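Chemist: got a structure for you, letters missing:
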């Protein structure tokens, strides 16, 4: 993927909230009502021709109509990453993030060394931000 394609990846994909004519603050009930209104207008059973807009509406509802997918979509949307949403979701399926309990895993004398190291380096805040996906 060249730089221009990467840069425009988010701008080429329609915003699912705009497609469903709602806001990112909308409740699931509001999203569902908006989807039903659009379905009455654009569903292939209701119109005589094959409407390509229906596929986008259906995809938008499948994504933000589900709480888990909506959370993923919101994270992707706020990240401004130059990767299409579907590709980003596939990449997240392969990422592994392990939590590690240092209190139980490190012996007491090693724990003293570890705590002193963190105080010296000041890595605690940076590490916590990394673990919570803030950076």
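Modeler: Alright, I've got the coordinates. Bear in mind that the values here come from a model prediction, so they are computed numbers and not experimental data. Numbering: from 1, shown residues only.
Chemist: Which segments of the protein make up each domain?
Modeler: As given by automatic domain parsing, the domain ranges for the chain are 12-94, 102-131.
Chemist: what mean pLDDT does the shortest one have?
Modeler: Translated: domain 102-131. Computed over domain 102-131, the mean pLDDT rounds to 59.
Chemist: likewise the longest one?
Modeler: What domain 12-94 shows for mean pLDDT is 87.
Chemist: how about the helices in this protein?
Modeler: Counting by DSSP state H, the chain has helices at residues 3-7, 9-12, 16-19, 28-42, 52-64, 67-79, 85-94, 102-105, 108-121, 123-131.
Chemist: still on that earlier bit, what's the most buried one of the domains of the chain?
Modeler: domain 12-94 (a mean of 14; mean count of other Cβ atoms under 10 Å). Every residue, glycine included, has its C-beta placed from N, CA and C.
Chemist: quick one: residue 57 from residue 92, how far?
Modeler: 24 Å (Cβ to Cβ, to the nearest Å).
Chemist: And for residue 83?
Modeler: From residue 83 to residue 92 the distance is 11 Å (Cβ to Cβ).
Chemist: How about residue 50?
Modeler: 32 Å.
Chemist: Next one: residue 1, what pLDDT does it get?
Modeler: At residue 1, pLDDT is 43.
Chemist: ugh, wrong one, I meant residue 97
Modeler: For residue 97, pLDDT reads 53.
Chemist: first to last residue in stretch 60-76, what's the distance?
Modeler: One end of stretch 60-76 to the other measures 14 Å (Cα to Cα, to the nearest Å).
Chemist: again with stretch 42-49
Modeler: 10 Å.
Chemist: Go ahead and name everything in contact with that stretch.
Modeler: Stretch 42-49 is contacted by residues 39-41, 50-51, 53-54, 57 when judged by Cβ atoms under 8 Å, 6 or more residues apart in numbering.
Chemist: from these, which single one is nearest residue 20?
Modeler: residue 57 (7.0 Å; Cβ to Cβ).
Chemist: Could you find the closest non-adjacent residue to that closest one?
Modeler: residue 38 (5.1 Å; Cβ to Cβ, 6 or more residues apart in numbering).
Chemist: same question, residue 53
Modeler: Nearest to residue 53 is residue 42, by Cβ to Cβ, 6+ apart, at 5.5 Å.
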